[in-house]
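*Asks:* The amino acid sequence is not available; the structure is as follows:
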């Protein structure tokens, strides 16, 4: 009997309604460049934010993903632990989404998929978009970290000498994809392709 690859080239992308929808868009573009099959679930609030922050139509946005699921579709493949993936990136991740995942009481496919990733001991990365954080937010992050998630706010790395907003977005998305062992060309690396980091 031939066994399947234990690490299929799939990644789940969750997109919540927090500001910063460009992170989800860029992640989809990067996954396509890398040849990684993307499975996206986006909230209704995310699709509203799309209109506020970009010129993309909902159809154009959805077309960036290989597979798109609706929020109520708890029978989707990504709702089951037997559907193997590298894990899940939520970009951007709202505080509400983060908090729901932390409680384990999931009310949508987005948070159900995240819960499944945690229970299967796969990588869950949350690009949390909020500032400043109050103590409740920080305690929720602590809880999720103890559960195995990685809190990865999209903070700019100025050592990469960004010239444009795209440079900032690419660096944040690239560093998030690093957490799945995905090496994307949009990431500038200290000691490799940055003059100041060479020794």
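*Replies:* Sure, I can see it. Predicted model only: the values in this text are computed from it and were never measured.

*Asks:* count of neighbours near residue 136?
*Replies:* Residue 136 sits with 10 neighbouring residues when counted by other C-beta atoms under 10 Å. Backbone N, C-alpha and C define where each C-beta goes, glycine included.

*Asks:* tell me the SS of it?
*Replies:* At residue 136 the chain is in helix, as set by DSSP: H, G, I helix; E, B strand; the rest coil.

*Asks:* repeat for residue 68
*Replies:* Secondary structure, three-state DSSP: residue 68 is strand.

*Asks:* what's near enough to touch it?
*Replies:* Contacts were defined as C-beta atoms under 8 Å, 6 or more residues apart in numbering; by that measure residue 68 touches 40-42, 62.

*Asks:* Residue 155 contacts residue 169, correct?
*Replies:* No - Residue 155 lies out of contact with residue 169 (C-beta atoms under 8 Å); the separation is 11.9 Å.

*Asks:* neighbour-wise, which of those two wins?
*Replies:* Here residue 155 and residue 169 are compared on neighbour count by other C-beta under 10 Å; more neighbours surround residue 169, at 20 against 12.

*Asks:* Next, the spatially most central residue of the chain: phi, psi?
*Replies:* Per C-alpha atoms, centre = their mean, the C-alpha nearest to the average position across the chain is that of residue 89, at 2.5 Å. When read as degrees, to the nearest 10, the backbone of residue 89 gives phi -110, psi 130.

*Asks:* and it, what are its bridge partners?
*Replies:* Assessed by DSSP bridges, residue 89 has beta-bridge partners residue 13, residue 125.

*Asks:* Report the contact partners of it.
*Replies:* 11-14, 27, 125, 127, 176-177, 180.

*Asks:* element containing residue 166, please.
*Replies:* Residue 166 is part of helix 165-178, with elements assigned from DSSP states H and E.

*Asks:* what is the mean pLDDT for whichever strand or helix holds residue 146?
*Replies:* Residue 146 is part of helix 135-147 when elements are defined by DSSP H and E. For helix 135-147, mean pLDDT rounds to 98.

*Asks:* Mind giving me the packing neighbours of that helix?
*Replies:* Secondary-structure packing of helix 135-147 (3 or more C-beta pairs under 8 Å, 6 or more residues apart in numbering; DSSP states H and E): helix 95-103, strand 123-128, strand 150-151.

*Asks:* So which of those is nearest residue 188?
*Replies:* Ranking the helices and strands packed on helix 135-147 by their distance to residue 188 (criterion: C-beta to C-beta) puts strand 123-128 first, at 18.2 Å.

*Asks:* Report all helices and strands that that closest one contacts.
*Replies:* Packing contacts for strand 123-128, counted by 3+ C-beta pairs under 8 Å, 6+ apart, involve strand 87-93, helix 95-103, helix 109-119, helix 135-147, strand 150-151, helix 165-178.

*Asks:* Would you mind giving the orientation angle of that strand with respect to helix 95-103?
*Replies:* With axes from the mean of the first three to the mean of the last three C-alpha atoms, to 10 degrees applied, the angle from strand 123-128 to helix 95-103 works out at 150 degrees.
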